[in-house]
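Asks: One predicted model, sequence on top.
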Amino acid sequence: MCQTFEMRPPPTLDEQITIVDVLSDLVAELCAQDTRLEKTRKIKQTMRQGLFTENTRLL
């Protein structure tokens, strides 16, 4: 019942650097999206407060 599998050698240093670069870019993009989401939520909250405090009506 032994299963065989193929072992790949570890990536070369150049491949590791490329992988790290891609992952770093991905993390940076996710952080930027989180920042945009938080700003959007604050704008939405501010607009909602303005609607209820100034008796502004939507037509």
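Replies: On my side now, so go ahead.

Asks: What are the boundaries of the helices in this structure?
Replies: For the chain, the helices defined by DSSP state H cover 13-53.

Asks: Wait, I19 touches P11, no?
Replies: Yes. If you go by CB atoms under 8 Å, I19 and P11 touch, sitting 6.9 Å apart. Where you see a C-beta, it was placed from the backbone N, CA and C, and this is true even at glycine.

Asks: burial of K39, as a residue count?
Replies: Each residue near K39 was counted by other CB atoms under 10 Å, and the total is 10.

Asks: Need the per-residue pLDDT for it.
Replies: Per-residue pLDDT puts K39 at 97.

Asks: Which residues are in contact with it?
Replies: Neighbouring residues of K39 by CB atoms under 8 Å, 6 or more residues apart in numbering: there are none.

Asks: likewise E6?
Replies: Counting by CB under 8 Å, 6+ apart, E6 has no contacts.
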